[in-house]
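# Next comes the sequence, and after it the predicted model I'd like to discuss.
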Amino acid sequence: MHELSIVLSIIDEIDEQSEARDLHDIEVVHLKIGVFSGVDRDALLFAWELACEGTRLEDSRLDIETVPLVIHCAICHEDRPPPSLYQLCCPECNTPSETIVTGRELEVVSLEVAA
Amino acid sequence: MSTRIVEVRAKVLKQNDLLAHALRERFEASGVSVISLVSSPGSGKTAFLEKLLGTLAANFRVAALVGDLATENDAARLKRATPNVRQITTGTICHLDAQMIERALEGWQLDALDFLFIENVGNLVCPSSYDLGEELRFVLLSATEGEDKPLKYPTIFNSSDVAIITKMDMAGPAEFDLAAARRNIESVRPGMQIFEVSAKTGSGMQDVFQFLRDKLAHSHKTRLALQYETTQ
């Protein structure tokens, strides 16, 4: 379970941003997580609660947008979701693809702060 | 109370990725090929590495960093092949990160090395999120683990460059379906190079040595290709 380390990195990023932009009262942290990032959503939410307890982020909420896996098919010239996480091929023509378009994201997208 | 939205768009592992990028540049500038090994615990990473170091040490300058939660056992084993071995004990952490690598390298002359191997903590989940600045990531799958491991852990297989099927001497007794294993690896990482080895009997290891030599000759053509040719 490396989600606690991931949460600590998210908190570092938020601290940096809040200092640079003078932000207070962060209510929601919007995150983007690809299904192929190796990070588990529930474990992350659990670790978030744990890490924020007693800090200024205690009342904040983590909002996670899950990004699906999409590969590029060189034959169809299309970006498509593969049949499953363990079948990296085009769902239409079955051609294997090693080109991942989305699914590896692990990003802080935005912060909702009290205006 | 109203709220406003502040755009951030920052990678969560930015610090790790920056550090990994700096390490990669350092490795390239020093002319050292860095290969990391990932696998589940007990799949034979250390035995494989012992064999690699033992053989490569005859012609190349090799070193290894070994990650485990506790003990220095693996480093002690590998030191029989080369004195350039350091253990990274992570305590409770389930993976290596770029900062641990940077710290462990302190005081080492990277330009006096041809190959540096990094043995990650035995874990098929967490290491996939952390770039260590390596040039190649080898994922090991042992014949005793079952052929469906790649399907169960697609992320780590997909984030690796080369697959090594280990303990091939056990394939028969374990009723390991090699063709299915190869198909499954191909399914999660199309085009992946696959080697079948037994560190115990030495079978298949020659192909890995050849691959590494070619890799090195290709990466650092002038100095090392010449060195390789003169040692043959």
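Yep, it's here.
# alpha carbons only for contacts and neighbour counts from here, please
Fine.
# List the buried residues in stretch B:63-82.
B:63-69, B:74-75, B:78-79, B:81-82 (16 or more other CA atoms under 10 Å in any protein chain shown).
# hang on, isn't A:Leu69 packed against A:Gly34?
Yes. Using CA atoms under 8 Å, A:Leu69 makes contact with A:Gly34 at a distance of 7.0 Å.
# Give me the common contacts of those two.
Common contacts of A:Leu69 and A:Gly34, defined by CA atoms under 8 Å, 6 or more residues apart in numbering or on different chains, comprise A:102-104.
# how about these in CSV, adding neighbour count and secondary structure?
Shown next, in CSV, are those (neighbours: other CA atoms under 10 Å in any protein chain shown; DSSP: H, G, I helix; E, B strand; the rest coil):
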residue, neighbour count, secondary structure
A:Thr102, 20, strand
A:Gly103, 21, coil
A:Arg104, 22, coil
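# same question for the lengthiest helix in chain A, mean pLDDT?
Scanning chain A for the helix with the most residues, using DSSP state H, yields helix A:3-21. What helix A:3-21 shows for mean pLDDT is 92.
# C-alpha coordinates for that helix, CSV please?
The C-alpha coordinates for helix A:3-21 follow below in CSV (Å, rounded to 0.1, in the frame of the first residue of the first chain):
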residue,chain,number,x,y,z
GLU,A,3,-1.2,5.3,-1.2
LEU,A,4,-0.1,7.0,2.0
SER,A,5,3.2,8.1,0.2
ILE,A,6,1.0,9.3,-2.7
VAL,A,7,-1.2,11.3,-0.3
LEU,A,8,1.8,12.9,1.3
SER,A,9,3.0,14.0,-2.1
ILE,A,10,-0.4,15.5,-2.8
ILE,A,11,-0.3,17.4,0.5
ASP,A,12,3.2,18.7,-0.4
GLU,A,13,1.9,19.9,-3.8
ILE,A,14,-1.1,21.6,-2.1
ASP,A,15,1.1,23.3,0.5
GLU,A,16,3.3,24.6,-2.3
GLN,A,17,0.4,25.9,-4.3
SER,A,18,-1.4,27.5,-1.3
GLU,A,19,1.7,29.3,-0.3
ALA,A,20,2.5,30.5,-3.8
ARG,A,21,-1.1,31.7,-4.4
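# could you say what helices and strands it packs with?
If contacts are counted by 3 or more CA pairs under 8 Å, 6 or more residues apart in numbering or on different chains; DSSP states H and E, helix A:3-21 sits against helix A:41-52.
# does chain B sit close to the helix it packs on?
No. Helix A:41-52 lies apart from chain B when judged by CA under 8 Å from any CA of the partner chain; the minimum separation is 12.2 Å.
# and the next helix or strand after that helix, which residues are buried?
Next in sequence after helix A:41-52, counting helices and strands by DSSP states H and E, comes strand A:61-67. Within strand A:61-67, the residues scored as buried using 16+ other CA under 10 Å are A:61-62, A:64, A:66-67.
# Nearest to B:Arg213 among the shared contacts of A:Leu69 and A:Gly34?
Set against B:Arg213, the nearest of these by CA to CA is A:Arg104 (31.6 Å).
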